[in-house]
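*Asks:* would you be able to build a 3D model of this:
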Amino acid sequence: MTHDNSIHSRSGRSRIEEDRQREEDRARGPGTGAVMRVIVPLQGVVQGRGGVVLGSVIPCALFYFLQLYLKRHRSERAPREEVPPPPRRPSRSSRKPVLVSSRAVHVIEDENSPYYRGWQAYTENPYDAEHNPDGIIQMGLAENQVMADFMHEVMKAPFNPDQIVLTAGATPAIEMLGFCLADPGNAFLVPSPYYPAFCRDLKWRAGVELVPVPCRSSDNFNVTINALDRAFSQTKKRGLTVRALLISNPSNPVGNILDSATLTMLLEFATEKNIHLICDEIYAGSVYDSPNFTSIAKVLESGEFDKSRVHIIYGTSKDLCLPGFRVGVIYSYNDKVLKAAQKMSRFCSVSSQTQHLLINMLSDAQFIQQYLSENQRRLRETSLVLTEGLKEAGIKYVKSNAGLYCWVEMGNLMPSYNEKGELNLWDKLLNEAKINVTPGSACYCIEPGWFRICFSSLSCQDMTVALRRIQEFSKRCKRSL
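*Replies:* Prediction:
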């Protein structure tokens, strides 16, 4: 009796399992039920001979192979629907508000002083002899107007003096933007190789992490969208918040310039990621060969982009050869950044004596035009002398047209193609050839063997001596390899 009940119980469960299996077969589609009807008896046969392991593995493997076959068979008969790929970049009209740092917000909120209220009143009601004769006259911004005119002369783009903040050099200008745009521990993306002192300017006190975006010699060291996307994603994975993209145009240390298409791509990237774009254009007036320089301010004239995320760095130390004047410029399209920077410029203001001299010099438009033209002519001649001497030494270089330096490749003089070999070669150049250059690793270049050679400060006689030393050193290195 007990035996019969157990048989009926098993048969009842079998029928229930069969009904459930039929429902699953119908849900999966035609052909699946037939597969299972083959698998289940086969499992029983194999279990009887090979035990539980073989009885489970072999039927399961067979089941998946049959499923794959049926799937391919059905996909060949069913036409595929092509789904259009999503657009790479968002619409330029869909703009998110770009944020400033909490530190900048705190500075902006402290506006109770009459000093700051006076500035605000002038901004809202500026005097104009023709259009607003009853407006407020600002008696401390003459240097901003002449600086705006000078930047227009250099960059061939319009600049509003009310959007200028003067600082004691470009270094505090960059540091101030780091303070205004990022909180400590936030990150800026920087295409590499880049100016080595950016780390000092942004990390030491502002606490901004710099993330190199590797550029390669195969792309003439121009930044690509793939490299930007990869660096942004990897930075996010590290748990860092990216607040800005910092670029140099013209590039330092490579010496090339960014065209309108590249600048547009960078603006699109900054818009997509909702980050700021900082353009260091301190060498804008030191372009000595074609193509001509294009400022980010010129690209923004199209009106297609959100200007509030763009900030320009400039100064007099390079184009006017006045590093001792310590005059830097923040030009920002963001009202919050301007308010914070104007207050913070108290800690790095330009002296009244320097402002007086600068106003007199920049107001002489004829002198400025002649000076810039002559400076560019001399840079072109000195660059040509250097590159011809490098050719004689068998040293390759990147063809550049701006800046005070040349980006050269000396990998063929290194015993080992890595950073250690590069630093070893740099040490020999310094201590044996008595030539001081900047190794590429100091500029965060991903490829070993590159060096920055500055040529603008050398006279013709000194350049001849330097080239002779480099040529003799190159010969000795080649003989020892």
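
*Asks:* wait, residue 348 touches residue 170, no?
*Replies:* No - Residue 348 is not in contact with residue 170 according to Cβ atoms under 8 Å; the separation is 10.8 Å. Where C-beta positions appear, they are placed from N, C-alpha and C, glycine not excepted.

*Asks:* looking at the two, which one has more neighbours?
*Replies:* More crowded of residue 348 and residue 170, by other Cβ atoms under 10 Å: residue 170, with 24 against 18.

*Asks:* quick one: residues contacting that one.
*Replies:* 280, 282, 313, 314, 315, 317, 328, 329 (Cβ atoms under 8 Å, 6 or more residues apart in numbering).

*Asks:* how far away is the nearest residue to residue 224 once chain neighbours are set aside from residue 226?
*Replies:* In space, and not counting its chain neighbours, residue 224 is closest to residue 215: 7.5 Å by Cβ to Cβ, 6 or more residues apart in numbering. The gap separating residue 215 from residue 226 is 11 Å, by Cβ to Cβ, to the nearest Å.

*Asks:* and the two? which has more neighbours close in?
*Replies:* It is residue 215, of residue 215 and residue 226, that has more neighbours when counted by other Cβ under 10 Å, with 22 against 8.

*Asks:* out of the contacts of residue 170, who's the most crowded?
*Replies:* Busiest of the contacts of residue 170 [other Cβ under 10 Å] is residue 314, holding 29 neighbours.

*Asks:* residue contacts, it?
*Replies:* 151, 170, 281, 282, 284, 328, 329, 331.

*Asks:* for residue 179, see how far away the third one is.
*Replies:* Distance, residue 281 to residue 179, by Cβ to Cβ: 20 Å.

*Asks:* next one: the fourth one
*Replies:* Here the distance between residue 282 and residue 179 works out to 19 Å (Cβ to Cβ).

*Asks:* with the first one instead?
*Replies:* Between residue 151 and residue 179 the computed distance is 23 Å (Cβ to Cβ).

*Asks:* show me the strands in the stretch 251-400 of the chain, by range?
*Replies:* 276-280, 310-315, 328-332, 396-397 (DSSP state E, counting those that start in this stretch).

*Asks:* how about CSV for the ones you listed, with distance to residue 427 and mean pLDDT added?
*Replies:* Converted to CSV, those look like this (distance: least, Cβ to Cβ, whole Å; pLDDT from 0 to 100):
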stretch, distance to residue 427, mean pLDDT
strand 276-280, 30, 98
strand 310-315, 32, 98
strand 328-332, 34, 97
strand 396-397, 21, 96
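
*Asks:* which element follows the helix or strand residue 190 falls within toward the C-terminus?
*Replies:* Taking DSSP states H and E as the criterion, residue 190 maps to strand 187-192. Using DSSP H and E, the helix or strand that follows strand 187-192 towards the C-terminus is helix 198-203.

*Asks:* can you list contacts of that following helix?
*Replies:* Outside helix 198-203, the residues that touch it by Cβ under 8 Å, 6+ apart are 171, 174, 175, 178, 188, 190, 208, 209, 210, 246.

*Asks:* count the residues that sit near the closest residue to the second one other than its chain neighbours.
*Replies:* What that stands for is residue 174. In this structure, residue 174 finds its nearest non-sequential neighbour in residue 201, 4.4 Å apart by Cβ to Cβ, 6+ apart. Using other Cβ under 10 Å, residue 201 has 23 other residues around it.

*Asks:* same question for the one 10 residues further on.
*Replies:* Counted by other Cβ under 10 Å, the residues lying close to residue 211 total 20.

*Asks:* angle of the helix or strand where it lies against strand 187-192?
*Replies:* Residue 211 belongs to strand 209-214 when elements are defined using DSSP H and E. In terms of direction (axes from the mean of the first three to the mean of the last three Cα atoms, to 10 degrees), strand 209-214 departs from strand 187-192 by 30 degrees.

*Asks:* strands paired with strand 209-214, and their directions?
*Replies:* strand 187-192 (parallel) (DSSP bridges).

*Asks:* for residue 452, state which of the contacts of residue 314 is nearest.
*Replies:* residue 282 (15.6 Å; Cβ to Cβ).

*Asks:* and residue 245, how far from residue 285?
*Replies:* Taking Cβ to Cβ as the measure, residue 245 falls 23 Å from residue 285.

*Asks:* ok, now residue 310?
*Replies:* Remark: distance between residue 310 and residue 285 (Cβ to Cβ) = 20 Å.

*Asks:* check residue 133 too.
*Replies:* Counting by Cβ to Cβ, the gap from residue 133 to residue 285 is 36 Å.

*Asks:* what about this structure, any weak spots by pLDDT?
*Replies:* Low-confidence segments of the chain (pLDDT under 70): 1-95, 106-119, 138-143.

*Asks:* run the last query once more with 50
*Replies:* For the chain, the stretches flagged by pLDDT under 50 are 1-11, 27, 31-49, 75-85, 93, 140-142.

*Asks:* got the strands of the stretch 251-400 of the chain as CSV, with distance to residue 470 columns?
*Replies:* Listed next are the strands of the stretch 251-400 of the chain as CSV, based on distance: least, Cβ to Cβ, whole Å:
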stretch, distance to residue 470
strand 276-280, 29
strand 310-315, 30
strand 328-332, 33
strand 396-397, 12
